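Engineer: What shape does this take:
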Amino acid sequence: MALSLFGRGSGSFFDPFDLSLLESGPSRQFARDAHAVPNTQIDWRETPEAQSSKADLPGLKKEEVKVQLVDGKTLEISGERRKEEVHKDDTWHRVERAHGSFLRRFRLPDNSNVEAVEAQVQDGVLTVTIPKIQKPKPQVRQIEIA
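Structural biologist: Model prediction:
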């Protein structure tokens, strides 16, 4: 899979990170949330059998993460990292861990089997697997010329 760093080239490649392909633009809430938790990084990999994405979500439980398909063509991963409780007697020396909501959207390729999408969280890593629809290989039959 090729990714263009300089905009939409003329190639016919699939870019799951190209949010301009979504029908509706990001909302103000999305923009604010995207800034709140900017370190929700996701790797996207393609194999001959499937598309696979992995997101680092340290400290989040699976109940705090939501994975859904929108209109059968957009994968949406969202969640919220809550701020720690502040007690009256606490003295905070440094606060660097991000908190807030996050939302990432990815347009799925046409050959995605959206009925068989799987997601799991293990050791703070969310893995989403989208199998590909396997097209039968064309059979070639030699025809004898009479």
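
Engineer: which ones are touching Glu76?
Structural biologist: For Glu76, the contacting residues are Lys66, Val67, Gln68, Leu69, Val70, Leu103, Arg104, Arg105, by Cβ atoms under 8 Å, 6 or more residues apart in numbering. Where you see a C-beta, it was placed from the backbone N, CA and C, and this is true even at glycine.

Engineer: shaky segments in this protein?
Structural biologist: Along the chain, segments meeting pLDDT under 70 span 1-39.

Engineer: ranges for the helices of it?
Structural biologist: Assigned helices in the chain, in chain order: 28-36 (criterion: DSSP state H).

Engineer: Show residues contacting stretch 60-72.
Structural biologist: Identification of contacts with stretch 60-72 by Cβ under 8 Å, 6+ apart yields 57, 75-81, 105, 108, 114, 117, 119-121, 124, 126, 128.

Engineer: Please repeat the previous calculation with a cut-off of 6 Å.
Structural biologist: Under the criterion Cβ atoms under 6 Å, 6 or more residues apart in numbering, residues Glu76, Ile77, Ser78, Gly79, Val114, Ala119, Val121, Leu126, Val128 lie in contact with stretch 60-72.

Engineer: I am finished for the moment; much appreciated.
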